[in-house]
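J.: Sequence isn't available, so here's the structure alone:
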């Protein structure tokens with residue numbers, strides 16, 4: 001016997017995705033079914049239904065590999081948020097505000113994000129190297 005389906009049909013998901021973030025859709029599912037689902041569950045359902053524009057984060061996070069334990073670091077979250085914003089994907093107002101504040105702080109401190117998989121938290125902020133570090137990340141191709 002198949003497991004019950006708590007998420008809306010693909011057609012309804014498509015309709016919801018035009019006006020809601022994935023987190024808002026998860027909240028909608030909770031309000032209509034009483035079942036809590038995560039944002040990632042909604043994202044996976046939208047992806048399986050072919051309803052997402054997969055974003056590649058290789059420009060925003062250009063390092064070869066990010067260790068799993070570093071994946072949730074705030075800097076990584078903000079770099080991904082920036083990639084979504086730049087590609088005109090919907091993000092919550094809260095996430096957009098946090099991203100803009102984070103970016104302004106980087107600019108004010110003339111800092112960029114650096115990643116070292118062998119360093120404690122992995123991500124940290126360093127002074128921008130003039131003419132080398134462009135955008136918000138330390139150029140990983142220049143030592």
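T.: Structure received. Please read these numbers as outputs of a predicted model, since none were measured by experiment. Residues are numbered from 1 along each chain as shown.
J.: For the rest of this, base every contact and every neighbour count on C-alpha atoms.
T.: Noted.
J.: Would you tell me what the next helix or strand after the lowest-mean-pLDDT helix or strand in the chain is?
T.: The helix or strand of the chain with the lowest confidence, counting by mean pLDDT, DSSP states H and E, is helix 39-48 at a mean of 87. Using DSSP states H and E, the helix or strand that follows helix 39-48 in sequence is helix 74-86.
J.: Helix or strand next in line after that following helix, which one?
T.: Next along the chain after helix 74-86, taking DSSP H and E as the criterion, comes helix 93-109.
J.: pLDDT (mean, whole number) over the next helix or strand after that following helix?
T.: The helix or strand immediately downstream of helix 93-109 is strand 111-115, counting by DSSP H and E. Across strand 111-115, pLDDT averages out at 96.
J.: in its sheet, what does the following helix or strand past strand 111-115 sit against?
T.: Next helix or strand after strand 111-115 toward the C-terminus (DSSP H and E): strand 123-127. Strand pairing for strand 123-127, using DSSP bridges, gives strand 111-115 (antiparallel).
J.: Contacts for the partner strand, please.
T.: Strand 111-115 has contacts (C-alpha atoms under 8 Å, 6 or more residues apart in numbering) with 63, 75, 106, 122-128, 133, 135-138.
J.: for stretch 123-140, same thing?
T.: With C-alpha under 8 Å, 6+ apart, stretch 123-140 has contacts from 60, 62-63, 70, 73, 75-76, 103, 106, 109-117, 142.
J.: what residues are up against the residue nearest the centre of the chain?
T.: By C-alpha atoms, centre = their mean, the chain has its centre lying nearest to residue 80, at 3.8 Å. If a contact means C-alpha under 8 Å, 6+ apart, then residue 80 has 57, 60-61 as its contacts.
J.: mind running it again at 10 Å?
T.: By C-alpha atoms under 10 Å, 6 or more residues apart in numbering, residue 80 lies in contact with 55-61, 74, 86, 99.
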